[in-house]
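Undergrad: need a 3D model of the sequence below.
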Amino acid sequence: MEALKEIINQHFVWRKQVFLLAKSDIIKTYSGAALGWAWALVKPLITISVFWFAFTYGLRSGGSVNGFPFALWMIPGFMAWFYMSDMLNQGANSIRKYRYLVTKMKFPVSTIPTFISMSKLAIHMCLMCIVAIIFVVTGHFPQIYWLQVFFYMFLMFAFWTAWGLFASMLGAMSRDFINLVKSISTAVFWLSGIMWDVNGIDIPWLQKVLYFNPVTYLATGYRNCFIYHRWFWEEPLQLVIFLGLLLVMVIMAVWSYRKLIREIPDVL
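TA: I've put the predicted structure just below:
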């Protein structure tokens, strides 16, 4: 509990610096490019276009889902994945990336994954605005279900920020952990229902097992907003599972912080 109180206090005391560093992270990531931070939007849009073309015309498996074209079904979950993918990999490397904040000045280490997560969330929110425009342009006008995207966005931010603290502490201690995370990111993508419909699985117990993957729950949640038109409380079991995973991740993050915080400056 003392470690948790320390983390919360650090975020409160340094809140202004955290917001400024989140803005700085976006600028730093895309500095030197002619389009600047616009690349944060261009890259996901190009990736989605390529997948849509491949599955619709190449593999010819891009049929409609719940009355929506495959491209529209794919987009919400894919947009959520871009944020989660960034945090999966860059979250684990965040303390090493900003090691100078740890070694050259007195800066609260626990806030580093937070401002990284905030910078990725800002880009994600811009992408979701584009998603809304795409749906409107294609004749699918806003539904009241769209409002709960902010609920799933909050859950996603909370989970992956906690992951960022846990993974970055281990990543700061060992590059092997960072390499391990990079090696499993592709497997996570293909096993999480980003490109296929989890609800289409006919085996009930397997469908429940898949919801123990937080990526699956969040990607499906985004599609509940835009495609399936379901409220989050209509799937209470999945929500309870995710909240349980979130609690476990927070505990692991606090544990890793308490165990490793004194050693990290020397290792870096």
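Undergrad: just the strands in the chain please.
TA: Read by DSSP state E, the chain holds no strands at all.
Undergrad: next, name the residue at the spatial heart of it.
TA: Among the residues of the chain, the one closest to the centroid is Met84, at 2.3 Å (CA atoms, centre = their mean).
Undergrad: chain neighbours aside, what residue packs nearest to that one?
TA: Using CB to CB, 6 or more residues apart in numbering and skipping residues adjacent in sequence, the residue nearest Met84 is Val215, 5.7 Å away. C-beta: built from backbone N, CA, C; applies to glycine.
Undergrad: report the contact partners of that neighbour.
TA: Counting by CB atoms under 8 Å, 6 or more residues apart in numbering, Val215 touches 81, 84, 188, 192-194.
Undergrad: how close does it sit to Ala158?
TA: 14 Å (CB to CB, to the nearest Å).
Undergrad: what's the answer for Gly91, then?
TA: Relative to Ala158, Gly91 is positioned 13 Å away (CB to CB).
Undergrad: who's more crowded, those two?
TA: Gly91 (26 against 15; other CB atoms under 10 Å).
Undergrad: which members of the contacts of Val215 are the farthest-apart pair?
TA: Largest separation among the contacts of Val215 by CB to CB: Met84 and Gly193, giving 12.3 Å.
Undergrad: now Ser117: closest residue in space that isn't a chain neighbour?
TA: Thr161 (4.3 Å).
Undergrad: and the one you found, what does it touch?
TA: Contacts of Thr161 (CB under 8 Å, 6+ apart): 87, 91, 113-114, 117.
Undergrad: could you redo the last one with a cut-off of 7 Å?
TA: Listed by CB atoms under 7 Å, 6 or more residues apart in numbering, the contact partners of Thr161 are 113-114, 117.
Undergrad: drop anything exposed from the contacts of Val215.
TA: For those, a burial check counting by 16 or more other CB atoms under 10 Å picks out 81, 84, 188, 192-194.
Undergrad: now flag whichever of the residues you listed is closest to Ile95.
TA: Met84 (19.2 Å).
Undergrad: ok, that closest one touching Phe157?
TA: No: if you go by CB atoms under 7 Å, Met84 and Phe157 don't touch, sitting 10.4 Å apart.
Undergrad: which residues do these two both contact?
TA: Contacts common to Met84 and Phe157, judged by CB under 7 Å, 6+ apart, are absent.
Undergrad: ok, back up a step: quick one: which of the buried ones among the contacts of Val215 sit in helices?
TA: 81, 84, 188 (DSSP state H).
Undergrad: Throw the residues you listed into TSV and include pLDDT and distance to Ala167, thanks.
TA: As requested, those are exported to TSV (pLDDT from 0 to 100; distance: CB to CB, whole Å):
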residue	pLDDT	distance to Ala167
Trp81	93	17
Met84	95	13
Val188	91	13
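Undergrad: closest one to Trp14 out of these, please.
TA: Using CB to CB, Met84 comes nearest to Trp14 of these, at 25.4 Å.
Undergrad: near the closest residue to Gly91 other than its chain neighbours, how many other residues are there?
TA: Spatial nearest neighbour of Gly91, chain neighbours left out: Gly164 (3.3 Å); criterion: CB to CB, 6+ apart. Counted with other CB under 10 Å, residues neighbouring Gly164 total 29.
Undergrad: list the contacts of Gly164.
TA: Here Gly164 is in contact with 87, 91, 94, 113, 116-117 (CB under 7 Å, 6+ apart).
Undergrad: ramachandran angles for the closest residue to Gln143 other than its chain neighbours?
TA: Leaving out its chain neighbours, the residue that sits closest to Gln143 by CB to CB, 6+ apart is His229, at 6.1 Å. Dihedral pair for His229: phi 50, psi 60, per degrees, to the nearest 10.
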